[in-house]
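**Q** Pasting a predicted model and its sequence here:
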Amino acid sequence: MASLDVAVVGAGPVGAAVAALSAAPGLRIGVFEARSAPSGESRILALSHASRMLLEDAGAWPASHATPIASIHISQKGGPGRTLLEASDQGLPALGYTVSYAALEEALTRRLRDLAIEVRYASLCERIALDPGKAALRFATGEEIDARLLVLADGGANAGKIPGIAFHEKDYAQSAVIGSVRTDRAHGDRAYERFTPQGPVALLPVEDRYALVFTAAPGEAKRLLALDERSFLEELQSHFGDRAGRFTSIEGRASFPLRLRAVNVPVALRTAIVGNAAQALHPIAGQGLNLGLRDAAALAAAIASVPAQDVGNASMLEAYRRSRSRDATRGIAFTDFLASAFADGRRVPTWGRGLALTALDLIPPARRALAARMIHGASD
Ligand SMILES: Cc1cc2nc3c(=O)[nH]c(=O)nc-3n(C[C@H](O)[C@H](O)[C@H](O)COP(=O)(O)OP(=O)(O)OC[C@H]3O[C@@H](n4cnc5c(N)ncnc54)[C@H](O)[C@@H]3O)c2cc1C
């Protein structure tokens, strides 16, 4: 049986970032991925400026595939109030960026190759046994390994099997309809978030188009998916107005249910839980992956702070847990607040939202604080 210092289960962006950031001479790291090859997924991810810096540190920023978000226009349908968050207010080149999952995956995989860290594809982890000295893993291939530290970065597939891990779960009874839309006007690196009675609609600039996230009740989402292109674009236009121009096409419509799922504690015997495996969030504030990448950086720092023989021991894991506690709790609470109060258009009256948006517009420090919260999280 092979022995490693760090075994990462899941080669998604967070697992790959843990491996890239933890690389050190003499530290034996292996990454195990269920898929038979990189996913090549076209899903568009929103990354904050802080996540860009973190990925640059990891040597895996996909610069040529990133579209900057220079400003975010926030408004509501059928009521007053709007605000504009701008990168220049923060003294930054961009508030955030959009990149495809595939581009990020490619940059991280290349970096792992340069660091001589092997990603073992077609390695579905199907058994985890933990004891105070090691984590023992068995894969569907029949291979068995043990490691001082198991990094669970599998998006949530296995955390429920770990003793002591429980979940906080909430079903928002909403779905996100996503797709790639074009308008007759250049986006100028501007993103839009618009609150409507059905739920928020977001447009994120991606290359020469937008990624659309249209939140709606599940029945409504099903209806939207079934509409022909022209009828869908007309409905979108009526929700959105013409602030981004006239919608001319939509491709790749899909939907997924919106839920919160977070572990009670991100550590167990010889185990650290990171990324979506630790917390899967509503996309309203674009926090999910940013929080996951901060998990990766904090875990890499905890690993680097101890000699190899102490990797994965109780005090290293406790240092990791403590370093993530505030940011994770607040990130989850912030997203849940926005999702519960704003995502369902019926819960907060239009005038209440109007007041909040007007206040943000008139009070620059409040606007800067909101933008800073979205960029850096609550760890600073
Ligand atoms: C449709 C959709 C749209 C999203 N849009 C956004 C967005 O716009 N912005 C944003 O910030 N976030 C978004 N998210 C969330 C974002 O995708 C996640 O935050 C991010 O993918 C989490 O990365 P991860 O590495 O933790 O997990 P994942 O990306 O889920 O990766 C987990 C990996 O583990 C592997 N795996 C699973 N089980 C096993 C096993 N037993 N053995 C070995 N490997 C295993 C999987 O194959 C996968 O490769 C979206 C999520 C979804 C579902």
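**A** Done, it's in.

**Q** Start and end of stretch 31-48, how far apart?
**A** 26 Å (CA to CA, to the nearest Å).

**Q** Would it count as contacting the ligand?
**A** Yes. Legend: contact between stretch 31-48 and the ligand by CB under 6 Å from any ligand atom is shown at 32-35, 43-46. No exception for glycine: its C-beta is placed from N, CA and C like everyone else's.

**Q** Dig out what residue 82 forms beta bridges with.
**A** Counting by DSSP bridges, residue 82 is bridged to residue 75.

**Q** Read off the pLDDT value for the nearest residue in space to residue 7 that is not next to it in sequence.
**A** Spatial nearest neighbour of residue 7, chain neighbours left out: residue 147 (3.6 Å); criterion: CB to CB, 6 or more residues apart in numbering. Turning to residue 147, the model gives it a pLDDT of 98.

**Q** And residue 331, by the same measure?
**A** Looking at residue 331, its pLDDT is 77.

**Q** Contacts only, for residue 291.
**A** Listed by CB atoms under 8 Å, 6 or more residues apart in numbering, the contact partners of residue 291 are 279, 281, 327-328, 331, 377.

**Q** Now the helix or strand hosting it: buried residues?
**A** Applying DSSP states H and E as the criterion places residue 291 in helix 288-304. Across helix 288-304, burial judged by 16 or more other CB atoms under 10 Å covers 288-300, 302-303.

**Q** One more: stretch 140-160?
**A** Quick answer for stretch 140-160 (16+ other CB under 10 Å): 145-156, 158-159.

**Q** What is the end-to-end distance of it?
**A** With CA to CA applied, stretch 140-160 spans 19 Å between its terminal residues.

**Q** Any idea how far it is from the middle of the chain?
**A** 21 Å (CA atoms, centre = their mean, to the nearest Å).

**Q** before we move on, what about stretch 161-170?
**A** Distance, centroid of stretch 161-170 to centroid of chain: 20 Å (CA atoms, centre = their mean).

**Q** ok, now which ones touch residue 187?
**A** Per CB under 8 Å, 6+ apart, neighbours of residue 187: 203, 205, 209-210, 244.

**Q** One more: residue 159?
**A** Taking CB under 8 Å, 6+ apart as the test, what residue 159 contacts is 152, 165, 167, 263, 273, 277-278.

**Q** just residue 332 next, same as before
**A** 260, 262, 279, 281.
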